[in-house]
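S.K.: quick one, fold the following:
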Amino acid sequence: MSGLDSFTFEIPARLRFGCGVMDELQKSSLPGNRVMIVTGGRTIRENGTVDRLVKMIRPKTEQMLLFDEVAANPSLSSVMKGAELARQNRVECVIGIGGGSALDTAKGIAAMAVNDGSLWDYTASGSGGGKTMAVKPLPLIAIPTTAGTGSEGNKTAVITDTDRHEKIGIRTDFVYSAYIDPELTLSIPSQHTAEQGFDAFCHCLEAFLSVKANPFSDVLALAGLKALWKWLPKAVECSSDIEARYWVCYGSMMGGMVLYLSSASAAHTIEHMLSGLNPSVTHGGGLAMIFDAFHAKEAENVPQRYAEVADVLDIAAGKPESEKAEALLRKMHDWKNSLGLDRLHLRDYGFSLDQVDEMVRLTHWVGGGPLTRDRYRLSDDDLAGILLSSFEE
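M.R.: As a prediction, this is how the structure comes out:
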């Protein structure tokens, strides 16, 4: 930003954040009497979180349905099945509770309960139809029980068509309201905490590096980066550290909002290609596998913004811009590995070197906007080089 650039700021979602805020649902009115709860997490079923939600809202409803067929990488088939059930039962309000997969599935269901055709008709890239939704989606209440996607803070649902092996971000609508309660994340295992929190860190970093960054998005991106940099390792080390959980949830929320105010980068597109090919690749895990190679290429060509991140994280103070960028890359590598993410490798998920050319082609196919929003635009040779280097990690 030169200080004179024009930009747009919009985020019309009501987000309620803090320990214990889920209990406020008992006193809150719902935007409809016929409600569908969308979830998929086994843990939150076993620890009573879903039953707790049901108990809170049942007195407010005429009818309540539970749809619990959410996949780890939310699928088109699950969205369409849930949407058909919602239509048949004249659902007026959707509540998504769980991780980003549950929230994104709920977004898709809320959209397709009132719009014709398939959700894929409204995708802007890959084999999607590129149509505009004629009807505003049903109001959605989001209750995240993980800290990573920040899906409650933007209008995108990331959905996988398992038949086409395509994973694409689809614009649906903002949530009606969200309750981000760090207490709900206390039961997340260490590895999942690391992968989910790393996803949030990538959201903040990529949004700061994007050509769509603006003064508002920069504030949120840098706030999220600082919180996650300090507190994510503590949350991974001690799952019961509520202060750490609080700040990781905060960073995740910042990351979700900043994706809308700015943009993700080509790193997200590459990861969508990977988990589209193999849905067992978690989003945060896929980002971790390509992280070093991707940012090494970007920082080599546009070190300025990396140097600014280094300043915020108090790395290499007083050094020239290029040295700050290089120091940041080293520190981020060590930080990522301290989370245990160095154990993730492309080969362990069935990818091979002879797939690289096809992987480059598929990255363009599912591409969308993020592939064009890096300050240094990656060539096909660059994409191939990033993938080849990631095999060596």
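
S.K.: in the helix or strand hosting Asp381, what's buried?
M.R.: Counting by DSSP states H and E, the element that carries Asp381 is helix 380-392. Neighbour counts over helix 380-392 (16 or more other C-beta atoms under 10 Å) mark Asp382, Leu383, Ala384, Gly385, Ile386, Leu387, Ser390, Phe391 as buried. Just so you know, the C-beta spots here come from the backbone N, C-alpha and C atoms, and that holds for glycine as well.

S.K.: would you list the phi and psi of the residue nearest the centre of the chain?
M.R.: The residue lying closest to the centre of the chain (C-alpha atoms, centre = their mean) is Thr149, at 2.8 Å. Torsion angles at Thr149 (phi, psi; degrees, to the nearest 10) stand at phi -70, psi -30.

S.K.: try Val211
M.R.: Per degrees, to the nearest 10, the backbone of Val211 is at phi -70, psi -10.

S.K.: hmm, Arg377 and it touching each other?
M.R.: No: Val211 lies out of contact with Arg377 (C-beta atoms under 8 Å); the separation is 9.3 Å.

S.K.: got the contact list for the residue nearest to Leu339 when sequence neighbours are not counted?
M.R.: Among residues not flanking Leu339 along the chain, Ala194 sits closest, at 4.0 Å (C-beta to C-beta, 6 or more residues apart in numbering). Neighbouring residues of Ala194 by C-beta atoms under 8 Å, 6 or more residues apart in numbering: Leu232, Val236, Gly284, Leu339, Gly340, Leu341.

S.K.: just the closest of those residues to Ile44, please.
M.R.: Ranked by distance to Ile44 (C-beta to C-beta), the contacts of Ala194 are led by Gly284 at 18.7 Å.

S.K.: what is the burial count for that closest one?
M.R.: Neighbour count for Gly284, taken as other C-beta atoms under 10 Å: 27.

S.K.: how about Arg90?
M.R.: 12.

S.K.: swap in Thr162?
M.R.: 15.

S.K.: cool, Pro12 as well?
M.R.: Neighbourhood size, Pro12 [other C-beta under 10 Å]: 8.

S.K.: for the closest residue to it other than its chain neighbours, give me phi and psi.
M.R.: Leaving out its chain neighbours, the residue that sits closest to Pro12 by C-beta to C-beta, 6+ apart is Phe174, at 5.7 Å. When read as degrees, to the nearest 10, the backbone of Phe174 gives phi -70, psi 160.

S.K.: quick check: Phe174 vs Cys204, distance?
M.R.: From Phe174 over to Cys204 the distance is 19 Å, taken as C-beta to C-beta, to the nearest Å.

S.K.: next: Ile11.
M.R.: Taking C-beta to C-beta, one finds Ile11 at 15 Å from Cys204.

S.K.: and those two? which has more neighbours close in?
M.R.: Set Ile11 next to Cys204 and count neighbours by other C-beta under 10 Å: Cys204 wins out with 31 against 16.

S.K.: my read: that one touches Val219, true?
M.R.: No: the pair formed by Cys204 and Val219 falls short of the contact definition of C-beta under 8 Å, at 11.0 Å.

S.K.: show me where this protein has its strands.
M.R.: 14-17, 34-38, 63-67, 93-98, 140-144, 156-161, 166-171, 177-180 (DSSP state E).

S.K.: what about the residue of the chain most remote from its centre, distance to Pro303?
M.R.: What lies farthest from the middle of the chain is Gly318; by C-alpha atoms, centre = their mean that is 34.0 Å. Look at Gly318 and Pro303: by C-beta to C-beta, they are 16 Å apart.

S.K.: Arg361 too?
M.R.: 30 Å.

S.K.: neighbour count: those two, which is higher?
M.R.: Between Arg361 and Pro303, Pro303 has the larger neighbour count (other C-beta under 10 Å), namely 20 against 12.

S.K.: my guess is the more buried one contacts Ala327. True?
M.R.: No: with contact defined as C-beta under 8 Å, Pro303 and Ala327 do not form a contacting pair (10.8 Å).
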